[in-house]
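Asks: below are the sequence and a predicted model; questions follow.
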Amino acid sequence: MAKRRFEGRFAPLRKTLQGLYHGRSEASLRFRLALLVFDLAIIGSYIVTSVFGIENDVLLLDLLLALIVLADLVARGLIAPNPRDFILRNPLNWADLVVILSLMAPLIFGDLAFLRVLRALRVVRSYRVLQELRDDSRFFRRNEELIQRSVNLTVFIFIVSSIVHASQRLINPDINTWVDALYFTMAALTTTGFGDIVLVGTSGRWLSIIILIVGVGLFLHLLQSVFQPPKVREKCKACGLLLHDPDAIHCKHCGAEMNIETEGS
C-alpha cells in the first residue's frame, strides 16, 4: 500500500521526466541537447582549470556541477523500470557516481578532479541525440556515421590524455597542464615519439607500455574508421546487413537488390 502511494505521488513527475528523457517533442530534444552541452562543460572545466592552474579556486562551481549530475542520476532512476537494476547493472551510472565523488572530493579526500573524465563515457552515448536530428537536419543525415566515429575518437584521446595528466602532473616536471599530457599522448599514439616529454617512474613506464601496445592499436582503428568512405543505413530485407555504400544497388553480403533513397549529388 505504501509503495502504491509513493508511486502515485510521483506519477506526474515521472511522466514529465519520461517525456524529457525519451520523448520526441522539440522540448525533449532541446533538453537532451542541453544535457550533452552540460557533459561537455564538465569535461571542459577539467581542461580549463588545469591549463590555468585554478583547480582549487572553483570549488563552488564543482559543487554546483555535482548537484546537477546527482539530479540527472536521480531523475533517470525515477523513470527506470527497475530502480535497483538501474544502479547495479549499468556501468555508466557507476561512472556518474564516481564523477559526483570527484567533484565533491576536494572537501573530503583531496584532489580527485581527474575522475570527472568518466563523464566522457556518457558523451559517447550522447551521439544518439544527434541521430535524432536526422529527420530535421540534412547535415546530420549525411554525416551521421562520421559524427559517431569522430566522437568516439575524440573521447578516446581525451581519456588517455587525462590519465597521463592525472598520474604524472605531481611527479613529472615536463607535464604541468592537460595540454602537456595531450601533446605526449598524440606523440605516443601516432608513434612520432619526439622524446622531449617522457613519463617518469615505474608507473609512468607501465603506462607508456600500455599506451604503445593497446592505445596505438585502438587509436589507429578509430582513426581509420573516421576516414573510411561514408556508408548509409539501409537494412537489407534479405540478410539484414545495415551499412551500405551510398550508390549500392545490390547488397554486398547476399546480392539482394537494394533501393536506397538518395538526395542526388
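Replies: Right, received. Where do you want to start?
Asks: okay, and for the chain, where does confidence drop off?
Replies: 1-10, 53-58, 105-117, 120-121, 123-137, 141, 262-265 (pLDDT under 70).
Asks: now do the helices in it.
Replies: In the chain, the segments counted as helices under DSSP state H are 2-9, 11-22, 26-52, 59-78, 83-88, 91-104, 120-131, 138-168, 178-189, 201-210, 216-226.
Asks: what about the ones you listed, which gets the closest to residue 242?
Replies: Checking those against residue 242 by C-beta to C-beta gives helix 138-168 as the closest, at 10.8 Å. For every residue, glycine as well, the C-beta is placed using N, CA and C.
Asks: show me what counts as buried in the closest one.
Replies: Going by neighbour count (16 or more other C-beta atoms under 10 Å), the buried part of helix 138-168 is 140, 144-149, 151-153, 155-168.
Asks: residue 167 and residue 161, how far apart?
Replies: Residue 167 sits 11 Å away from residue 161, going by C-beta to C-beta, to the nearest Å.
Asks: whoops, residue 248 was the one
Replies: Using C-beta to C-beta, residue 248 is found at 38 Å from residue 161.
Asks: which ones are touching the nearest residue to residue 176 once chain neighbours are set aside?
Replies: Nearest residue to residue 176 in three dimensions, chain neighbours excluded: residue 169, at 6.6 Å (C-beta to C-beta, 6 or more residues apart in numbering). Taking C-beta atoms under 8 Å, 6 or more residues apart in numbering, we find residue 169 in contact with 50, 175, 176, 177, 181.
Asks: one more: residue 87?
Replies: When contacts are counted by C-beta under 8 Å, 6+ apart, residue 87 touches 77, 93, 94, 97.
Asks: if you set the cut-off to 10 Å instead, what comes out?
Replies: Residues in contact with residue 87 (C-beta atoms under 10 Å, 6 or more residues apart in numbering) are 73, 77, 80, 93, 94, 96, 97.
Asks: excluding chain neighbours, what is closest to residue 78?
Replies: residue 14 (5.5 Å).
Asks: what about that neighbour, distance to residue 34?
Replies: 20 Å.
Asks: farthest pair within the contacts of residue 169?
Replies: Taking C-beta to C-beta, the two most distant members of those are 50 and 175; they sit 10.3 Å apart.
Asks: quick one, which of the two is more surrounded?
Replies: For the pair residue 50 and residue 175, the greater number of neighbours falls to residue 175 (25 against 22), based on other C-beta atoms under 10 Å.
Asks: which ones are touching the more buried one?
Replies: Listed by C-beta under 10 Å, 6+ apart, the contact set of residue 175 reads 164-169, 181-184, 197-200, 204.
Asks: count of residues packed around residue 19?
Replies: By the measure other C-beta under 10 Å, the count of residues near residue 19 is 15.
Asks: quick check: the nearest residue in space to it that is not next to it in sequence vs residue 12, distance?
Replies: Nearest residue to residue 19, sequence neighbours excluded (C-beta to C-beta, 6+ apart): residue 28, at 5.9 Å. Taking C-beta to C-beta as the measure, residue 28 falls 17 Å from residue 12.
Asks: and the two? Which one has more around it.
Replies: Neighbour count, other C-beta under 10 Å: between residue 28 and residue 12, residue 28 has more, with 16 against 9.
Asks: I'd like to know how far that one sits from residue 233.
Replies: Taking C-beta to C-beta, one finds residue 28 at 22 Å from residue 233.
Asks: just residue 92 next, same as before
Replies: Counting by C-beta to C-beta, the gap from residue 92 to residue 233 is 24 Å.
Asks: wait, residue 257 touches residue 250, no?
Replies: Yes - applying C-beta atoms under 10 Å, one finds residue 257 in contact with residue 250, separated by 6.0 Å.
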